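Asker: no sequence on hand, only this structure:
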């Protein structure tokens, strides 16, 4: 009989054989004494007979790949144990040659920069508009992509993000239709949309919309350990050999079997119970968004986001709550939620907080969050503040390609002296991981003002050697 969870089943079988483990890893299944990790260590093995090899899958991992592709409607799927980042890098590396142009949105995740450094690809940025009320990026629009494709006909691929970090999905079908007319590839960073395949009331999955290849970050929305992710390829993708070569090059030769097992188990769980739990989560989301919207000073965004240009769907499990009607900002609301109510949200900014809910949150969890917001709304009620949103970084002036900039000689300068120079390091607000500045881009006055805003608000930054931005690296 074929196992429904072949990876997990093969690991349990190996454990029950009670072999003397004279192989890696060094804990040999019993040398980790912390209770929380001891059980995980029992299935943390290496490529012994019966549990297969990720780089040469022929047994349980190969069976699991086939089941994974079937569950997500893919032509073929590949497990990622380095996170979705390695999937983004793999797709860039599957392109035909270094120096090729790729259209990408300016608000792409920082992993796109890594993919361009590794592959030698050159970005053509699709401009993204910002919502003036909150100061968040909106999806790239098809009309902007078409204009750039006309100007850059030699571009090989279009690589977009849908849904965004805030759960906003763009019109994949139109993107796919127009991209294929011009014989280009459409890649989609669908890191935050792994669950879309299991309920029709959620935004349309990118593969179903016609994407050639898609990256899912399973751990973000499914019951999977951190770093668990996947690449799916569609029926029209014809670069399987290049993709697998890149995948094998970038993937560790010591993959985590507990991580693989968690993805195997999650896939089967979603096939069996995903729709049921996503339905419950959808109903709770609709109910509690309405309740939050009755609180004075707060606004919880939902389907109304579809009124923005280019938006075709919104993930109900992302709660984007504007706090502009309160006397305090989102940073303070987040702090109060954490310190007083023991509620940790995903992200905070001047004008909003972002809470990510899961299909595993129960009504009592939603109620706890709602009651905390209700008390905060009463305690800090005030007149609606004037917008404190700064303009987001403008369309960048690229002076060097990502690869050339990464390799270039750099020097440190005082932050106050960087205007007019070329950035030598990436500056990224994390979360969500969208770069404000990339190496090779000019630090113009508008960008400098935005960086000062981040510095003033003690926003968590990834990338710069000095996260406090007292100095910054530039290219000599």
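Answerer: Great, that's in hand. Just so we're clear, the structure is a prediction, and the values are computed from it rather than from any experiment. Numbers count the residues shown, from 1 in each chain.
Asker: list of residues touching the lowest-mean-pLDDT helix or strand in the chain?
Answerer: Every helix and strand of the chain was ranked by mean pLDDT, DSSP states H and E. The lowest is strand 434-437, at a mean of 84. Residues from elsewhere that reach strand 434-437, judged by CB atoms under 8 Å, 6 or more residues apart in numbering: 107-110, 113, 137, 165, 393, 396, 423, 426-429, 443, 447, 450-451, 454, 463. Where C-beta positions appear, they are placed from N, C-alpha and C, glycine not excepted.
Asker: can you give me the pLDDT of residue 383?
Answerer: Predicted confidence (pLDDT) for residue 383: 69.
Asker: now the helices for the stretch 101-250 of the chain?
Answerer: 111-119, 142-151, 172-181, 206-209, 218-221, 240-250 (DSSP state H, counting those that start in this stretch).
Asker: dump those to TSV, plus mean pLDDT and mean neighbour count.
Answerer: Output for the helices of the stretch 101-250 of the chain, formatted as TSV (pLDDT from 0 to 100; neighbours: other CB atoms under 10 Å):
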stretch	mean pLDDT	mean neighbour count
helix 111-119	94	23
helix 142-151	94	16
helix 172-181	96	19
helix 206-209	97	25
helix 218-221	97	23
helix 240-250	95	16
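Asker: before we move on, the earlier item: so what are the sheet partners of the least confident helix or strand of the chain and their directions?
Answerer: Paired with strand 434-437 in the same sheet, following DSSP bridges, are strand 427-429 (antiparallel).
Asker: off-centre distance for the partner strand?
Answerer: Its chain's C-alpha centre and that of strand 427-429 lie 15 Å apart, by CA atoms, centre = their mean, to the nearest Å.
Asker: next one: stretch 42-59
Answerer: Using CA atoms, centre = their mean, the offset of stretch 42-59 from its chain centre is 28 Å.
Asker: now swap in stretch 18-37 and tell me
Answerer: With CA atoms, centre = their mean, you get 33 Å for stretch 18-37.
Asker: list the buried residues for that stretch?
Answerer: Going by neighbour count (16 or more other CB atoms under 10 Å), the buried part of stretch 18-37 is 21, 25, 29, 32.
Asker: kindly report the same for stretch 131-138.
Answerer: Under the neighbour-count criterion of 16+ other CB under 10 Å, stretch 131-138 has 131, 134-138 buried.
Asker: span of that stretch from start to end?
Answerer: Stretch 131-138 stretches 7 Å from its first residue to its last (CA to CA, to the nearest Å).
Asker: same check, this time on stretch 395-414
Answerer: End-to-end span of stretch 395-414 (CA to CA): 24 Å.
Asker: kindly report the same for stretch 424-438.
Answerer: Start-to-end, stretch 424-438 (CA to CA) is 8 Å.
Asker: over to stretch 149-159?
Answerer: Note: stretch 149-159 ends 12 Å apart using CA to CA.
Asker: and that stretch, how far from the chain's centre?
Answerer: 24 Å.
Asker: can you list the neighbours in contact with that stretch?
Answerer: By CB under 8 Å, 6+ apart, stretch 149-159 touches 91-92, 95-96, 100-104, 108, 112, 124, 145, 148, 175, 178-179, 182, 184-189.
Asker: compile the buried residues of stretch 131-138 into a markdown table and extend it with columns for pLDDT and distance to residue 214.
Answerer: Listed next are the buried residues of stretch 131-138 as a markdown table, based on pLDDT from 0 to 100; distance: CB to CB, whole Å:
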| residue | pLDDT | distance to residue 214 |
| --- | --- | --- |
| 131 | 80 | 26 |
| 134 | 79 | 27 |
| 135 | 77 | 28 |
| 136 | 83 | 23 |
| 137 | 83 | 20 |
| 138 | 86 | 21 |
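Asker: circling back: ok, then the element right after the least confident helix or strand of the chain?
Answerer: Counting by DSSP states H and E, the element after strand 434-437 in chain order, helix or strand, is helix 445-456.
Asker: so after that next one, what's the next helix or strand?
Answerer: Next along the chain after helix 445-456, taking DSSP H and E as the criterion, comes strand 461-462.
Asker: which strands or helices does that next one pack on?
Answerer: strand 427-429 (3 or more CB pairs under 8 Å, 6 or more residues apart in numbering; DSSP states H and E).
Asker: mean confidence score for the strand it packs on?
Answerer: The average of the pLDDT scores along strand 427-429 is 86.
Asker: pretty sure residue 224 sits against residue 266.
Answerer: Yes: because the distance of 4.7 Å satisfies CB atoms under 8 Å, residue 224 is recorded as touching residue 266.
Asker: and the pLDDT for residue 120?
Answerer: 93.
Asker: distance check, it against residue 96.
Answerer: 11 Å (CB to CB, to the nearest Å).
Asker: same thing with residue 210?
Answerer: 21 Å.
Asker: who has more neighbours out of those two?
Answerer: residue 210 (20 against 10; other CB atoms under 10 Å).
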